[in-house]
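# what follows is a predicted structure for the sequence shown.
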Amino acid sequence: MSVTTLTKENFKSEVLESEKTVLIDFWASWCGPCKMVSPVIDEIAEETPSIKVGKVNVDEQPELAQQFGVMSIPTLVVMEGGKIVNKGVGAMPKAQILGLIG
């Protein structure tokens with residue numbers, strides 16, 4: 001499954017109303033660690049069709065970043081049934097990201 005670009009306009013339908021677990025990557029184009037994590041997030045999206053993967057550009061969607069209390073990027077948030085079930089901050093290896101998902 002491919003990565004969905006999340007915006008405040010599609011957030012409710014793509015994340016809050018999703019039947020699947022959702023992994024959200026909060027990132028920015030100028031962020032070095034985000035660039036390291038991005039290909040790993042893309043890989044997880046392709047390899048794990050049982051979850052939905054979305055990315056939020058914090059520069060373009062500051063309301064979403066604020067709503068989730070994102071202070072540092074990358075921040076990874078795992079949601080199930082519209083609720084946050086796990087969160088991780090900073091660049092991390094694939095195994096650790098998969099561990100967040102559970």
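That came through, no problem.
# which parts of the protein are helices?
Here the chain has its helices, by DSSP state H, at 11, 32-47, 62-67, 94-101.
# who touches the first one?
Pointing back at helix 11 there. Applying Cβ atoms under 8 Å, 6 or more residues apart in numbering, the set of residues contacting helix 11 from outside is Leu64. Just so you know, the C-beta spots here come from the backbone N, C-alpha and C atoms, and that holds for glycine as well.
# pick out the residue nearest the middle of the protein.
What sits nearest the mean C-alpha location of the chain, by Cα atoms, centre = their mean, is Ile24, with 1.4 Å.
# from Gly99, how far off is that residue?
16 Å (Cβ to Cβ, to the nearest Å).
# before we move on, what about Lys52?
18 Å.
# please say which of the two ends up with more neighbours.
Lys52 (21 against 12; other Cβ atoms under 10 Å).
# tell me the bridge partners for that one.
Val22 (DSSP bridges).
# I figured it hits Glu14, correct?
Yes: here Lys52 lies in contact with Glu14, judged by Cβ atoms under 8 Å, at a distance of 7.2 Å.
# who touches both of these two?
Residues touching both Lys52 and Glu14 (Cβ under 8 Å, 6+ apart): 4, 22.
# would you mind pulling the contact partners of stretch 66-77?
By Cβ under 8 Å, 6+ apart, stretch 66-77 touches 23-28, 31, 33-34, 37, 41, 58, 84, 86-92, 97, 100.
# mind listing what's buried in it?
By neighbour count on 16 or more other Cβ atoms under 10 Å, the buried set for stretch 66-77 is 68, 70, 73-77.
# just the helices of the chain: most buried one?
Scoring these by mean neighbour count under mean count of other Cβ atoms under 10 Å gives helix 11 as the most buried, with a mean of 18.
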